[in-house]
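Peer 1: I would like the atomic coordinates for the input below:
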Amino acid sequence: MGLRSLSICLVLAALAGASLAFAPGPSSIHRPRRGILDRSRGVDAPSSSCLGNALAAASKPVEITFPTPDAAAEIGIRDWPQQYHSSTWTDDVPEGGIATRYILEGRGRVTIDYMDDNGERQRMGNQRVYPGTLVEVDGEAKLLWEVDDANEGMIVLTPSYEEGGKLLLVGGFLLVFCAGLLVGAGGF
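Peer 2: Below is the predicted model:
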């Protein structure tokens, strides 16, 4: 019985280790250059003049763009993990952090409170988001998301490197579980 528990633990530990070892890091995710809306790179210009004004200043740490499906596939957006939301939620980005969100399905609005390059608090309020919207925030910010239709909800894709803490938590849980199996089976 002890050998069987040990082999199960080794398999689980190997899987957890492989997941941690091959998890993409920030440098392995190819992101479009921020602040440049260039049709030759497959990024559509914003349809709203309000968005156009918001993106006009290249120094703002908030970008809302609309990559074409081909451009999204090229940078691997469709491979990012999904999050489903049916009601209002918030995202907090710590100082020095980066948040990247891609709307796969659903419609809503996002309000972003952020610190500009001069350290002053700014607000980009009630920006429409819909399938194909890419929201990038660089630096300290709070994002308030509102879903238009709770029945439809919103599916948001987030790069996996932003959820590295969750991956480490699962890996730690697996190690504790394996240790419990070994102790319970009399292996130690």
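Peer 1: shaky segments in this structure?
Peer 2: For the chain, the stretches with pLDDT under 70 are 1-59, 161-171, 173, 187-188.
Peer 1: whichever helix or strand residue 99 is part of packs against which elements?
Peer 2: Assigned by DSSP states H and E, residue 99 belongs to strand 98-105. Packed against strand 98-105 by the contact rule (3 or more C-beta pairs under 8 Å, 6 or more residues apart in numbering; DSSP states H and E) you find strand 89-93, strand 134-138, strand 141-147, strand 154-157. For the C-beta atoms, the positions are set from N, CA and C on the backbone; glycine is no exception.
Peer 1: ok, 10 Å please
Peer 2: In this structure, strand 98-105 packs against strand 62-67, strand 82-85, strand 89-93, strand 108-115, strand 121-129, strand 134-138, strand 141-147, strand 154-157, with contacts taken as 3 or more C-beta pairs under 10 Å, 6 or more residues apart in numbering; DSSP states H and E.
Peer 1: can I get the ones you listed in JSON lines with mean neighbour count and distance to residue 184?
Peer 2: What follows is those, written out as JSON lines (neighbours: other C-beta atoms under 10 Å; distance: least, C-beta to C-beta, whole Å):
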{"stretch": "strand 62-67", "mean neighbour count": "22", "distance to residue 184": "51"}
{"stretch": "strand 82-85", "mean neighbour count": "13", "distance to residue 184": "35"}
{"stretch": "strand 89-93", "mean neighbour count": "14", "distance to residue 184": "39"}
{"stretch": "strand 108-115", "mean neighbour count": "18", "distance to residue 184": "47"}
{"stretch": "strand 121-129", "mean neighbour count": "16", "distance to residue 184": "49"}
{"stretch": "strand 134-138", "mean neighbour count": "21", "distance to residue 184": "46"}
{"stretch": "strand 141-147", "mean neighbour count": "18", "distance to residue 184": "43"}
{"stretch": "strand 154-157", "mean neighbour count": "21", "distance to residue 184": "39"}
